[in-house]
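Colleague: structure for the following, please:
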Amino acid sequence: MYAVIKTGGKQYKVAAGTLIAVEKLAGQAGDAVAFDQVLLVGGDKEPSIGDPLVAGAAVAGEIVEQQRGDKILVFKKRRRQNSKRSRGHRQLETLVRITEILTDGKKPAVAKSKAKPASKEVAPATGAAATAPATEGDAPEAKKAPRKKAADIASEETKAKPTRKPRAKAAKNDD
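Modeller: Coordinates of the predicted model:
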């Protein structure tokens, strides 16, 4: 049995046991995922085509790995202008193993993840919890400093250099 699913703005033809690399999905390795946007289900008999989706169909999978795709190079050149720019990019993607294709309104079994995801929501402190000292786990995550541009680094280097006083020139003796 096979199906055509839609995720991340793209369509994938999948069967049970296949590995696909899709746009990044939330979750960790071992988490179960379900794809509800099934466009086509085929098998031994006539394929059922959705309008736009197949009613009651779902595809279950398991996240194998979070990874980055191959590097692509973006090169821009303006002829006769001495202008060139080259940049690279690696897209974040998730490797998913398809476990089963479900039809007739069956829902995929959702397995619990091995580790609990960290919650980023912070509720305002009230009552006794507000007066209690903060523990190590209560501290909010530290934000990274923004990356410095080459021009900023160059300007900092020029500021950091000490200024030198000009030397006094020796007087010439005209004997």
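Colleague: start to end distance for stretch 25-41?
Modeller: 23 Å (Cα to Cα, to the nearest Å).
Colleague: and that stretch, what's buried?
Modeller: Neighbour-count burial for stretch 25-41, counted by 16 or more other Cβ atoms under 10 Å, picks out L25, G27, D31, A32, V33, F35, Q37, V38, L39, L40, V41. Heads up, the C-betas are built off the backbone N, CA and C, glycines and all.
Colleague: got CSV for the residues you listed, with secondary structure and pLDDT too?
Modeller: Shown next, in CSV, are the buried residues of stretch 25-41 (DSSP: H, G, I helix; E, B strand; the rest coil; pLDDT from 0 to 100):
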residue, secondary structure, pLDDT
L25, coil, 95
G27, coil, 94
D31, coil, 95
A32, strand, 95
V33, strand, 96
F35, strand, 94
Q37, coil, 94
V38, strand, 95
L39, strand, 95
L40, strand, 95
V41, strand, 95
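Colleague: what sits opposite I5 in the beta ladder?
Modeller: Y12, V38 (DSSP bridges).
Colleague: please enumerate the helices of this structure.
Modeller: For the chain, the helices defined by DSSP state H occupy 128-131, 150-160.
Colleague: pLDDT on the longest one, on average?
Modeller: The reference is to helix 150-160. Helix 150-160 comes out with an average pLDDT of 62.
Colleague: ok, the first one next?
Modeller: pLDDT averaged over helix 128-131 equals 52, rounded to a whole number.
Colleague: start at 323, not 1
Modeller: With the count now opening at 323, the last piece we talked about shows up as helix 450-453.
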